[in-house]
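Student: fold the following.
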Amino acid sequence: MERIPHYINGRKVADAERFGPVFNPATGQQDKEVALASGARVEEAIEAARAALPGWRATSLAKRTNIFFRVRELMNERKAELAAILTSEHGKVLSDAEGEITRGLENIEFATGLSHMLKGEYSEQVSGGIDVHSVRQPVGVVACITPFNFPAMVPLWMIGSALACGNTVLLKPSEKDPSSAVFIAEIFSEAGLPDGVLNVVHGDKEAVDVLLEDPQVKAVSFVGSTPIAKSIYQRASERGKRVQALGGAKNHMVVLPDADLAMAADAAISAAYGSAGERCMAVSVLVAVGNIADDLVAAIKERMATLKIGPGTDPASQMGPLITAEHRDRVAGYVSGAADEGATVVVDGTQQKFDSDGFFTGVSLVDHVKPGMKVYDDEIFGPVLSVVRVETFNDAVQLTNENEFGNGVAIFTRDGGAARQFEFEIEAGMVGVNVPIPVPVGSFSFGGWKSSLFGDTHMYGPDSIRFYTRSKVVTTRWPDPSTSEIDLGFPQVV
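Tutor: Numbers count the residues shown, from 1 in each chain. Model (predicted):
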């Protein structure tokens with residue numbers, strides 16, 4: 001059985017006291033096992049990162065930039081290889097896997113502009129003979145803890161900016177689909193990144209505890225569920241670390257009566273069921289305003305019937321399996337319990353049969369959902385779309401704003417005034433207008449509000465530069481050149 005190693009100080013380390021199973025979700029079979037790091041192994045990786053920090057920090061911006069350009073070239077050349085790894089361990093279809101890599105590379109492209117992003121400021125003669133300037137310097141060793149749903153993209157969100165700013169990195173990916181993290185680390189090494197600058201350690205709570213507690217780790221980036229994000233934020237910040245921790249989501253898509261019905265229905269299908277709904281930006285609540293609800297539900301139901309579900313390696317598949325059998329069963333529990341809570345199960349995908357031992361489920365549509373029902377309140381993280389019916393625009397805004405989460409939200413309408421008012425009033429970090437999944441491009445930053453974010457900086461883009469650097473302000477005064485013993489040829493200062 002293939003054993004997935006750590007990547008520490010430029011070499012693979014496969015020996016461990018404990019191993020975790022890695023399944024192929026499309027077959028349900030364990031194909032690999034991953035080494036789970038002990039506390040001592042994590043400390044070894046931290047020491048490697050600490051030792052590599054002075055040299056990497058002193059590396060010129062030009063050399064760093066060249067490495068990022070080379071990483072981009074290598075990743076594009078080997079995109080199909082990495083996509084196959086993603087599909088084999090996560091289950092998503094190959095087109096989703098390739099799209100994930102493309103979106104991740106936006107952050108590498110952003111990092112190539114590091115010489116501009118790291119520029120400080122300068123003011124001369126703030127007082128007689130006194131100048132002031134500022135510089136941005138790396139925070140040091142940083143830990144990046146990433147989730148299973150985007151095992152290539154989210155690491156690239158973090159490590160691109162972290163490395164560009166001169167930090168060294170410990171990447172702790174999900175143990176459910178860990179191979180892509182090692183693949184990415186090897187790409188960086190091939191591109192010229194020095195040993196020890198980027199290290200990968202696999203593990204569970206034991207590994208995370210060390211990253212949160214070791215004083216040599218100065219910053220922690222995390223993406224995952226809200227309870228874990230909150231815990232990591234509290235524990236790491238109590239130890240004086242910088243923390244950005246992105247939590248869960250319950251993204252609402254508001255559809256006004258004047259919306260293009262076909263556009264809205266198509267968007268709901270792709271946003272709710274793409275990647276099996278295992279996306280923190282997936283639409284999980286459709287808010288139908290006024291008299292559009294019946295027609296919209298009917299249009300979505302019609303489209304669901306044509307959705308092809310199968311192995312991610314099949315070019316005909318539009319949706320693959322869920323990540324584990326346990327997660328599949330958890331998702332099914334929300335659908336089966338919805339009717340008991342008073343909702344209407346329009347399509348019960350959990351009853352769909354598959355000729356496979358993989359972790360497949362069908363897509364589900366639940367109508368007449370209300371706040372207080374588990375299917376509405378909880379982050380399901382699966383292919384389940386809930387429909388909430390409201391009478392007015394104001395009702396839709398109030399419903400969305402009262403939700404615990406504030407990650408992303410979308411509105412579908414032809415009315416520019418309504419869209420502008422929605423943007424003004426809605427309490428969420430990312431807003432789409434006729435765009436169901438408003439994930440920002442790499443030159444902006446990604447993050448939500450309320451229980452979707454702990455800390456005050458978002459991921460990638462400009463916020464990441466602020467997070468991964470510390471600003472230092474320098475005030476200087478030099479002797480009056482007219483009093484110098486060296487003839488500098490300066491005119492006398494009066």
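Student: so where's the stretch 51-200 of the chain uncertain?
Tutor: The stretch 51-200 of the chain contains no residues with pLDDT under 70.
Student: which parts of it are helices?
Tutor: 61-77, 79-90, 94-111, 114-117, 153-164, 179-190 (DSSP state H, counting those that start in this stretch).
Student: what's next to the first one, contact-wise?
Tutor: Okay, so that is helix 61-77. 82, 101, 105, 108-109, 111-112, 114-115, 118, 160, 163-164, 166, 187-188, 190-193 (CB atoms under 8 Å, 6 or more residues apart in numbering). Backbone N, C-alpha and C define where each C-beta goes, glycine included.
Student: pull that helix out as PDB, backbone CA atoms only.
Tutor: Output of helix 61-77 as PDB, limited to C-alpha atoms (Å, rounded to 0.1, in the frame of the first residue of the first chain):
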ATOM      1  CA  LEU A  61      12.900  39.800  -4.000                       C
ATOM      2  CA  ALA A  62      14.100  39.200  -7.500                       C
ATOM      3  CA  LYS A  63      15.100  35.600  -6.700                       C
ATOM      4  CA  ARG A  64      11.900  35.000  -4.800                       C
ATOM      5  CA  THR A  65       9.900  36.300  -7.800                       C
ATOM      6  CA  ASN A  66      11.700  34.000 -10.200                       C
ATOM      7  CA  ILE A  67      10.800  31.000  -8.000                       C
ATOM      8  CA  PHE A  68       7.200  31.900  -8.200                       C
ATOM      9  CA  PHE A  69       7.200  32.300 -11.900                       C
ATOM     10  CA  ARG A  70       8.900  28.900 -12.200                       C
ATOM     11  CA  VAL A  71       6.300  27.400  -9.800                       C
ATOM     12  CA  ARG A  72       3.500  28.700 -12.100                       C
ATOM     13  CA  GLU A  73       5.200  27.100 -15.100                       C
ATOM     14  CA  LEU A  74       5.700  23.700 -13.500                       C
ATOM     15  CA  MET A  75       2.100  23.600 -12.000                       C
ATOM     16  CA  ASN A  76       0.600  24.300 -15.400                       C
ATOM     17  CA  GLU A  77       2.800  21.700 -17.100                       C
END
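Student: what's the first helix or strand after the helix or strand containing V243?
Tutor: Using DSSP states H and E, V243 maps to strand 242-246. Next along the chain after strand 242-246, taking DSSP H and E as the criterion, comes strand 251-255.
Student: next SSE downstream of that next one?
Tutor: helix 261-273.
Student: got a list of contacts for that following helix?
Tutor: 253, 255, 281-284, 286, 292, 295-296, 299-300, 302-304, 307, 318-319, 363, 383-385, 410, 412, 434-437.
Student: likewise for stretch 200-215?
Tutor: 4, 6-8, 20, 34-39, 41-43, 45-46, 143, 145, 170-173, 175, 178, 181-182, 185, 217, 220, 232, 235-236, 239-241.
Student: which residues are in contact with the residue positioned nearest the centre of the chain?
Tutor: Nearest residue to the geometric centre of the chain (CA atoms, centre = their mean): V154, 4.1 Å. Residues counted as contacts of V154 (CB under 8 Å, 6+ apart) are G104, T146, P147, V223.
Student: quick check: A35 is in a helix.
Tutor: No - according to DSSP: H, G, I helix; E, B strand; the rest coil, A35 belongs to no helix; its state is strand.
Student: just give me the neighbour total for it.
Tutor: 24 (other CB atoms under 10 Å).
Student: what's the spacing between it and L198?
Tutor: Distance, A35 to L198, by CB to CB, to the nearest Å: 18 Å.
Student: distance between stretch 173-180 and the chain's centre?
Tutor: Put simply, stretch 173-180 sits 14 Å off its chain's centre (CA atoms, centre = their mean, to the nearest Å).
Student: which of the contacts of helix 261-273 count as buried?
Tutor: The neighbour-count test (16 or more other CB atoms under 10 Å) marks 253, 255, 281-284, 286, 292, 296, 299-300, 303-304, 318-319, 363, 383-385, 410, 412, 435-437 as buried among the contacts of helix 261-273.
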